[in-house]
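Student: fold the following, please.
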Amino acid sequence: MNQSPLPTTDALPVVRLLPKAKPQVIRHGFPWVFANELVMDRRTKGVTPGGLVVVEDAERRPLGLGTMNPLSKIAVRMLDFDPEAAIDQAWFKTKIARALQHRDAIYDEPVYRLVHAEADGLPGIIIDRFGDVAVIQPNAAYAEAMLEPLVAALIEVTGVTTVIKNGTGRARSLEGLEEEMVVVHGTQPTGAIPVMMNGATYMADVMGGQKTGLFLDQRPNHAFAAGLMNGGRMLDMFSHVGGFSLAALAAGAGSALAVDGSAPALELAKAGAEATGVADRFETRQGDAFDVLEALGAEEEVFDVVVCDPPAFAPSKPSAEKGLRAYERLARLAAPLVKDGGYLVLCSCSHAADLKRFRDASARGIGRGGRRSQLVYTGSAGPDHPLLPQLAESGYLKALVFRL
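Tutor: A predicted model of the protein is given here:
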């Protein structure tokens, strides 16, 4: 682990907002300052990525303490409204303890997203917990530089025995950070970790799987879809390790077909089905989702519930229109596979496609698939993924259930 020295407050550089910037947005809780809102003089540009800075408005009034990365469009992430705050192990401990208090109030078992970045007051930091194992995604330069006090605070607060750093993904590349997957405390798990949710057992590959090994955000939507089955048949597209399908089978679904492009993910889904005791009602098919949907349509297959939970088709604003067309096409291909009176579950984890635009694209696709629908449920991420009201990006997940 690398640890940069934590400078004293009186030694910190000062960065200042341009007159056109709106300091009240920061005072009201918005956690970012973009590069085009700052006076980018030589000293500001020379701040080491991840370094601490005092942020002032154009009138030289302090707004708080932030972390600077001149390589990123998000030049400053606000850490504390006290410009003299000490960002050290004790500071991380206070933040993590507050986050843990919320999760302990909701969940009986220690399986949850413990820290959801800005919404939990730790910008750019994701921590998922699977019992005694925690997976950290330090997606901001300061988090990488201060990983040692962060990990120490995490262990002190939670008592986890293994901490894994998952340094992969698009967010790190935008911060100019290298990719790395490493155990920073404890011993590497041998194989996937069994995780219980919604009556099913999921196999989380915390070292080699997608994201931190399991998509915990969909937990309430898995439960809602499972409640629709009534002994019926589910098609789980983009299933990963069987998120929707295993919950449905655990709730009494007659059968489920899980489709994903990743063979390793489907193997984990099969292992989860075995561990849940539902392997006899579980099938998998590997392939491109759009190709499989077309093939199932040609085979005249029909399901009681069809779920489409794809990766982010619109990960950024420039890709939003293309992504929305992909969501529409997905709905068009999936709709004919739903029996009359059945349900189509459509999900988006693209923050650039807001709820209205995603809903509209989904409805257009259903219509172009020759079906009529009523929207019966609108879901989001679970309460372990809190939303920061001032930051729309923190409310990225959308789940729509249409009855056709």
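Student: all helices of the stretch 201-350 of the chain, in order?
Tutor: Along the stretch 201-350 of the chain, counting by DSSP state H, counting those that start in this stretch, helices occupy 219-226, 243-250, 263-276, 289-298, 320-334.
Student: isn't residue 115 up against residue 126?
Tutor: Yes: between residue 115 and residue 126 there is a contact under C-beta atoms under 8 Å: 6.4 Å. Yep, even glycine has a C-beta here, placed from its N, CA and C like the rest.
Student: low-scoring pLDDT stretches of the stretch 151-300 of the chain, where are they?
Tutor: By pLDDT under 70, the stretch 151-300 of the chain contains no weakly predicted segment.
Student: between residue 115 and residue 126, which one's more packed in?
Tutor: Remark: of residue 115 and residue 126, residue 115 carries more neighbours, 26 against 23, as counted by other C-beta atoms under 10 Å.
Student: so the more buried one is in which element?
Tutor: strand 111-116 (DSSP states H and E).
Student: tell me the buried residues in the longest helix along the chain?
Tutor: The longest helix of the chain (DSSP state H) is helix 89-106. By neighbour count on 16 or more other C-beta atoms under 10 Å, the buried set for helix 89-106 is 89, 91-93, 95-96, 99-100, 102-103.
Student: between these, which sits nearest residue 205?
Tutor: Nearest to residue 205 among those is residue 103, at 22.4 Å by C-beta to C-beta.
Student: surely residue 65 meets residue 86?
Tutor: No: with contact defined as C-beta under 8 Å, residue 65 does not reach residue 86; the gap is 9.2 Å.
Student: pLDDT for the buried residues of helix 89-106 - can I get that in TSV?
Tutor: Converted to TSV, those look like this (pLDDT from 0 to 100):
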residue	pLDDT
89	97
91	98
92	98
93	98
95	98
96	98
99	98
100	98
102	98
103	98
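Student: residues in contact with the residue in the chain sticking out farthest from the centre?
Tutor: For the chain, the largest distance from the centre (C-alpha atoms, centre = their mean) belongs to residue 59, which lies 37.4 Å off. Shown in contact with residue 59 (C-beta atoms under 8 Å, 6 or more residues apart in numbering): no residues.
Student: mind checking pLDDT for it?
Tutor: pLDDT recorded at residue 59 is 95.
Student: which one's more surrounded, residue 65 and residue 86?
Tutor: Legend: neighbour count by other C-beta under 10 Å for residue 65 and residue 86, higher for residue 65 (23 against 14).
Student: ok, that one to residue 95 distance?
Tutor: According to C-beta to C-beta, to the nearest Å, residue 65 and residue 95 sit 13 Å apart.
Student: residue 357 too?
Tutor: Separation of residue 357 from residue 95 (C-beta to C-beta) stands at 33 Å.
Student: next one: residue 258
Tutor: In this view, residue 258 and residue 95 are 37 Å apart by C-beta to C-beta.
Student: kindly report the same for residue 243.
Tutor: 29 Å.
Student: cool, residue 365 as well?
Tutor: Per C-beta to C-beta, residue 365 is found 41 Å from residue 95.
Student: go on, residue 220?
Tutor: For residue 220, the distance to residue 95 (C-beta to C-beta) stands at 25 Å.
Student: next one: residue 275
Tutor: Noted for residue 275: a distance of 34 Å to residue 95, by C-beta to C-beta.
Student: where's residue 86, which helix or strand?
Tutor: Using DSSP H and E, no helix or strand contains residue 86.
Student: give me the phi and psi for it.
Tutor: Phi and psi for residue 86, reported as degrees, to the nearest 10, are phi -100, psi 120.
Student: show me how this structure divides into domains.
Tutor: Domain assignment for the chain by automatic domain parsing gives 9-80, 89-185, 193-403.
Student: need the next SSE after the strand ranked longest in the chain, C-terminal direction.
Tutor: For the chain, the strand with the greatest residue count under DSSP state E is strand 338-348. Counting by DSSP H and E, the element after strand 338-348 in chain order, helix or strand, is helix 355-368.
Student: just the strands in the stretch 1-150 of the chain please.
Tutor: Ranges of strands in the stretch 1-150 of the chain, per DSSP state E, counting those that start in this stretch, are 14-16, 32-34, 51-56, 62-68, 74-80, 111-116, 125-130, 133-138.
Student: partners of the third one in the sheet?
Tutor: In the sheet containing strand 51-56, the strands it pairs with under DSSP bridges are strand 14-16 (parallel), strand 62-68 (antiparallel).
Student: what residues of the longest one count as buried?
Tutor: Which is strand 62-68. By neighbour count on 16+ other C-beta under 10 Å, the buried set for strand 62-68 is 63-68.
Student: closest one to residue 334 out of the residues you listed, please.
Tutor: Using C-beta to C-beta, residue 67 is the member of the buried residues of strand 62-68 that lies nearest residue 334, at 42.7 Å.
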